[in-house]
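Chemist: 3D, please:
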Amino acid sequence: MISATKTRIAILGASGIGRVHARIFHEAGVDVCAVLGSSKESAKNASIKLKDFYGINSQPYHCLDRLLEEARPNAVSICTPPQFHFEEIIAAFEKQIGVFCEKPLFWYSDISNVELEDKLAQIATHPHRQLWVNTSNAFFAEQINKLVGSISKKDGLTFCFQTQGKNQGQGIAVDLLPHGLSILLELFGDNLISNLREKYSTSRYNCQFNYGEHKVVFNFYENQKSAKKMLIELDGRQFIRCQEGDGANYKVLFHDSHTLKKIEVEDPFKVYINKFLNSLRAGLSENDGFEVAAKNLRLMGKILLEST
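Modeler: Presented below is the predicted three-dimensional model:
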């Protein structure tokens, strides 16, 4: 059994969201032993910043095979662009290394449904599979039901997310759809998508569809100069994500439009990292997050591949 203090994790892609992963794993008592950059220089810079910002001592690498061989982590956190995820996941599994992966599980601009299913099958049947994907906003839906009681959800779901991302057009969907779909799966379970309508521009992406009997609206916006905002609306009741403080001292809250109160909740990101660490210690693929991640990716494929 692996304890947090014995877990050695490598961050693949240690700038941007990778730096956040490194900080939270470090705070959880995990040894962030290595970072992977796209070049020797970027890896070195990432390692220096982790040391300066958080006191993390990590070895820089720009070759994944060398990192896995020399640093010998027993876990990796994948924060690279999604077109690299599948190969990095399989490389880690081959070394019997557990994987925490940023969403989506994987994606390519020219992917087909056949390729999607083939790659999912390879992950599903790998003998050393141990995988969690960061679709952590599902935790918000879970907490809303717990904190305010059962909501009928008869009017469906509206989910709005504004970030400081750099993506454009359907690239925004690749980045943000997994968040909305994780909430959808948590609220409504497995269902079929129909009556899909999609439109997008340079900085915005919108899609509307029926999910079984439920109406769903996703509105996404990415602009590096805009503040991050998230809204979940169920039956006309809005829950707006708020954050107070920053760094290790921040709090995550919801503003409830019905009660006008702010409700503090656990940070979903930290919740999912703890789920991953618990799964890693258990050492059984049956305890991992693959099945939910696969459902999320298939829904994403339904929206993006069948709308074109």
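Chemist: separation between the nearest residue to residue 81 once chain neighbours are set aside and residue 76?
Modeler: Distance criterion Cβ to Cβ, 6 or more residues apart in numbering; nearest residue to residue 81, sequence neighbours excluded, is residue 13 at 7.7 Å. C-beta: built from backbone N, CA, C; applies to glycine. Relative to residue 76, residue 13 is positioned 10 Å away (criterion: Cβ to Cβ, to the nearest Å).
Chemist: what do you get for residue 278?
Modeler: 17 Å.
Chemist: kindly report the same for residue 222.
Modeler: As defined by Cβ to Cβ, residue 222 lies at a distance of 27 Å from residue 76.
Chemist: more crowded one of the two?
Modeler: Applying other Cβ atoms under 10 Å to residue 222 and residue 76 shows that residue 76 carries more neighbours, namely 27 against 21.
Chemist: report the distance from the strand or helix carrying that one to the chain centre.
Modeler: Assigned by DSSP states H and E, residue 76 falls within strand 75-78. The chain centre lies 13 Å from the centre of strand 75-78; the measure is Cα atoms, centre = their mean, to the nearest Å.
Chemist: likewise for stretch 80-95?
Modeler: Between the mean C-alpha point of stretch 80-95 and the mean C-alpha point of its chain there is a distance of 15 Å (Cα atoms, centre = their mean).
Chemist: in the helix or strand bottoming out on mean pLDDT in the chain, which residues are buried?
Modeler: Least confident helix or strand of the chain, by mean pLDDT, DSSP states H and E, is helix 138-148 with a mean of 81. Applying a neighbour-count criterion of 16 or more other Cβ atoms under 10 Å, one finds 138, 139, 140, 141, 142, 143, 144, 148 buried in helix 138-148.
Chemist: so residue 112 makes contact with residue 305?
Modeler: Yes. Assessed by Cβ atoms under 8 Å, residue 112 is found in contact with residue 305 at 7.2 Å.
Chemist: and this structure, what are its domains?
Modeler: As assigned by automatic domain parsing, the chain contains the domains 4-133+272-290, 138-267+302-306.
Chemist: who wins for proximity to residue 296 among these?
Modeler: Residue 296 sits nearest to domain 138-267+302-306 of all the domains of the chain, at 4.9 Å, using Cβ to Cβ.
Chemist: and the closest one, end to end?
Modeler: Between the opening and closing residues of domain 138-267+302-306 we find a distance of 24 Å, counting by Cα to Cα, to the nearest Å.
Chemist: and it, how far from the chain's centre?
Modeler: Shown here is domain 138-267+302-306, whose average C-alpha point lies 13 Å from the average C-alpha point of the whole chain (Cα atoms, centre = their mean).
Chemist: can you tell me which helix in this structure is longest?
Modeler: Counting residues, the longest helix in the chain under DSSP state H turns out to be helix 170-188.
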